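Colleague: got a structure for you, letters missing:
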C-alpha cells in the first residue's frame with residue numbers, strides 16, 4: 001500500500017500495546033516495517049483505551065484502522081477480526097472522500113527498479129524520514145560539516161532492495177555508502193574510520 005499512498009498527503013502509523021524491544025524484534029522478523037511503529041505499552045494501552053479498542057480482560061487490542069483527517073477528527077473506523085485483512089481499496093475510497101483534492105490527477109507511483117539510478121561516490125545515506133537513528137545521523141553529519149546525499153528508501157524500491165542486500169534482508173536505516181564502503185546502522189566510531197576523521 002505504501003506505493004499507493006506515495007503522492008497522497010497520508011502518513012501511515014502502526015501502534016501496539018507491546019513494549020519497544022518486542023516491537024523491534026517483530027519488525028525485524030518481518031524484514032522490517034516501512035512506517036513508524038509506536039508502542040502503547042506504558043501506561044499499558046492508554047491510547048487504545050482512548051480509541052475504545054483495548055480488551056481489558058486480555059490486555060490486548062482489537063485489530064483496528066482509524067483514518068484521522070488533518071484537523072485531528074476521526075473520519076473512518078474499521079474494527080475487524082484479528083485474522084482478517086482490511087480491504088485496501090476501501091481505505092483508498094475513504095481517503096478520497098476525506099480529501100478529494102489529493103486524488104486530482106492521482107496515479108499510483110510504480111517506479112521501475114532497473115531504470116532508477118542511485119547516487120554513487122562520496123557519502124550516501126539511505127534513510128526514512130521517521131527513523132530516529134536517521135535523525136541522529138543527519139545531525140552528526142551536519143555537525144561535522146560532512147556533505148552527504150540522502151536517499152529515502154520508502155520512496156525508492158531500488159534503494160530499499162540495495163539496503164536489504166547489505167543488511168541481511170532487512171531494511172535497516174540509516175545505512176551508509178561511503179565511497180563503496182558500507183556501514184549498516186549509525187556507528188559513530190566506524191563512520192569516523194571510514195571517513196578518515198582524526
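Modeller: That came through, no problem. Small disclaimer: the values here were computed from a predicted structure and weren't measured.

Colleague: so where do the helices sit in the chain?
Modeller: In chain order, the chain shows helices spanning 2-5, 20-29, 46-50, 88-98, 132-143, 157-166, 188-194, with DSSP state H as the criterion.

Colleague: quick one, what contacts the nearest residue to residue 77 once chain neighbours are set aside?
Modeller: Of all residues not flanking residue 77 in the chain, residue 66 sits nearest, at 5.7 Å (Cβ to Cβ, 6 or more residues apart in numbering). Yep, even glycine has a C-beta here, placed from its N, CA and C like the rest. Shown in contact with residue 66 (Cβ atoms under 8 Å, 6 or more residues apart in numbering): 51, 74, 76-77.

Colleague: related to what we said a few turns ago, need the helices of the chain in JSON lines with mean neighbour count and mean pLDDT, can you?
Modeller: Written out in JSON lines, the entries for these read as follows (neighbours: other Cβ atoms under 10 Å; pLDDT from 0 to 100):
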{"stretch": "helix 2-5", "mean neighbour count": "16", "mean pLDDT": "64"}
{"stretch": "helix 20-29", "mean neighbour count": "13", "mean pLDDT": "81"}
{"stretch": "helix 46-50", "mean neighbour count": "14", "mean pLDDT": "93"}
{"stretch": "helix 88-98", "mean neighbour count": "14", "mean pLDDT": "84"}
{"stretch": "helix 132-143", "mean neighbour count": "15", "mean pLDDT": "91"}
{"stretch": "helix 157-166", "mean neighbour count": "18", "mean pLDDT": "88"}
{"stretch": "helix 188-194", "mean neighbour count": "14", "mean pLDDT": "93"}
